[in-house]
Structures are given as C-alpha cells and as structure tokens.
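Student: model this:
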Amino acid sequence: MASPQIIWDVIRETDAFMVRRDGVTFSRDPKNLTGRHSYKYSGLAQPKSLGITLSMSEDKKSTITLTKTGKSVNRPREACRDTVLKGRAAGLAEIEKAIGADYYRPDLKAAALARYGMLLRSVGAKADVRPGKVGGRHNWTRKYTH
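Tutor: All right, here's what the predicted structure looks like:
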C-alpha cells in the first residue's frame, strides 16, 4: 500500500467528495468530521479515520460512527466498522472511549465531540451544554390570570 501522503497528493485535486465554493474547498466525505478538505481530516487518505453521521429510520433517529481501521485496505467493506450511538451520555462516553482510551486518533477528539453535539442539536435532543444566565423573569415564574 502507498503511504497516506502519496495518496493525498494524488486525490487532493481530484477527490469525488471535494466541493469548491467562493474560493474555499470543502469535503463531503462521510469520514470527514469538519468538512474541510485537508490531509488531516481526509477519510480517504488517512489509514485511520473517524466519521459521525446521522441515520434516520422510520421511528428512530440515531447517530452512527464510522471507524476505518488500517487492516483490510484492499477490502473497503471490511475496513469500516459501524457503531450505533444511543443517548447523549452514552454516545459521548463511547466517543471518548474510542478516541481517547484506545489511542485511535486523539487529534480528532475535539472535532468528533463537536460533530456529535451538532447532530444531537439538529434532531432536537439537548446537547451537553449549559446555557448562560438569562436576564429578566422567566415564563414559568409568571402568574397567569384568566
């Protein structure tokens, strides 16, 4: 197998996932966490990559992590492992475990957690973010008279 840098040099200008808008280059690769078209976040060039996507079934909405291993390079179907993340806390713990503890790609930890929080917010689940203090009286403390 060729080195990741050589693969990146070949696909850098001809990637099928590449999108150019207003002079900026983006990537639609499912294993790209940030959407930037760069060597660090490329799911095609890196031997180990991580992607977090949203799967919509009829009655459930769940997020799936796509993990690419360095093994089975010539068999793309066997090279990827899917993990379904259910729930906010369990999903965060699973991402922390997969990235941090296993030394998979610790440089992608912040991007993976940000992507997971963004996907949770997009489906209406509350992300693990504490809101700031809001000034004034809240709606639930007002007395309504009929």
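Student: neighbours around the closest residue in space to residue 52 that isn't next to it in sequence, how many?
Tutor: Excluding the flanking residues, the one nearest residue 52 by Cβ to Cβ, 6 or more residues apart in numbering is residue 115, at 4.8 Å. For every residue, glycine as well, the C-beta is placed using N, CA and C. A total of 23 residues lie near residue 115 under the criterion other Cβ atoms under 10 Å.
Student: in what helix or strand does residue 115 lie?
Tutor: Residue 115 belongs to helix 109-122 when assigned by DSSP states H and E.
Student: which residues sit against that helix?
Tutor: 33-34, 41, 50, 52-54, 63, 85, 88, 91-92, 95-96, 99-100, 126-129 (Cβ atoms under 8 Å, 6 or more residues apart in numbering).
Student: Could you tell me which of those belong to helices?
Tutor: Here DSSP state H is the test, and the contacts of helix 109-122 give 88, 91-92, 95-96 as lying in helices.
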